[in-house]
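Colleague: What shape does this take:
(2 chains)
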Amino acid sequence: MIGLLHKGVMKDDQLDLMFKALSDSTRRRIIDRLSNKPGQSLFEVCAASIAEGGVALSRQTVSQHLAVLEKAGLIEITWKGRTKAHSLRINKNHITAASWLMKYNKNGEEE
Amino acid sequence: MKIYVTHIFVDDQDKAETFYTDVLGFKVKNNVPLGEHRWLTVVSSEDPEGTELLLEPSDHPAVKPYKEALFSDGIPAHSFQVVDLDMERKRLDDIGVNFTVEPMDAGPVRMAVFDDTCGNLIQLIQMMDTTQ
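Modeller: Residues are numbered from 1 along each chain as shown, chains lettered A, B, ... in the order given. Below you'll find the predicted structure:
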């Protein structure tokens, strides 16, 4: 983590928020969905969860997951008319942070 | 006991009457003057004896925040069933209806969502044959 902090990429509290946001399979699935189709409303994210044949999630649950992702800076809110739309906002800092384990891959060899 | 009427809050009854009849193709069933508004219901032309939809004025103070909150989350206020969703979507799109969700599969149904221009999102669904 020191390497990242040294580069001034992301602060520890931001990293905590990001890793916490990624520590849930439902939230990772929401990221996948938003990657395939940006600009989705709460209703669309819920409908997609049913379409995938997985566990149907309540709107309240999805709403809370979206709030965690937004707080971690992984998604951004825009407005499509009067409807709130959610899109991914994954930047270089997130990618750098998510790959911080790579620095322990000393030989560059894959297991 | 049976359900004979359900309702949708509309910003303007005249505008709603035009949209729900001329655009969606429903028929006016009851049109009774009630003070400054009307008891205005429409029915499906495919099922004129079926459940009526009351186009209810949005004046009550609770209605505006309710409608805005639903619209904000993209949640439809009502859902109508069609035989062929993609055909209906094309027909409505051609006459200027704004779809906020394009037809998509959602479990046992195929669905889409459009703006009724009266403050509501409306869901259209087609029941899919899930026996295949």
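
Colleague: For the rest of this, base every contact and every neighbour count on C-alpha atoms.
Modeller: Fine.

Colleague: Flag the shaky bits of chain A, pLDDT-wise.
Modeller: A:1-9, A:53-54, A:107-111 (pLDDT under 70).

Colleague: Run through the strands of the chain in chain order.
Modeller: All of this refers to chain A. A:75-80, A:83-88 (DSSP state E).

Colleague: To clarify, I was referring to chain B.
Modeller: B:5-10, B:27-34, B:37-43, B:52-57, B:78-81, B:99-106, B:109-115, B:121-127.

Colleague: The last one pairs with which strands?
Modeller: What that stands for is strand B:121-127. Within its sheet, strand B:121-127 is paired with strand B:78-81 (parallel), strand B:109-115 (antiparallel), according to DSSP bridges.

Colleague: What of the first one?
Modeller: Sheet pairing here is set by DSSP bridges, and for strand B:5-10 it gives strand B:52-57 (parallel).

Colleague: now do the third one
Modeller: The partner list of strand B:37-43 in its sheet, established with DSSP bridges, is strand B:27-34 (antiparallel), strand B:52-57 (antiparallel).

Colleague: now the lowest-mean-pLDDT helix or strand in chain B against strand A:83-88, angle please.
Modeller: Sorting the helices and strands of chain B by mean pLDDT, DSSP states H and E puts strand B:99-106 at the bottom, at a mean of 93. Counting by axes from the mean of the first three to the mean of the last three Cα atoms, to 10 degrees, strand B:99-106 lies at 60 degrees to strand A:83-88.

Colleague: and strand B:99-106, how far from the chain's centre?
Modeller: Centroid separation for strand B:99-106 versus its chain: 15 Å, with Cα atoms, centre = their mean, to the nearest Å.

Colleague: Please apply the same query to stretch B:18-27.
Modeller: Average the C-alpha atoms of stretch B:18-27, do the same for its chain, and the two points are 10 Å apart (Cα atoms, centre = their mean).

Colleague: So which residues on chain A come close to chain B?
Modeller: A:41-44, A:47-48, A:50-53, A:82-84 (Cα under 8 Å from any Cα of the partner chain).

Colleague: Between all of these, which two are at the greatest distance?
Modeller: Using Cα to Cα, the residues of chain A next to chain B span at most 29.1 Å, a distance reached by A:G53 and A:R82.
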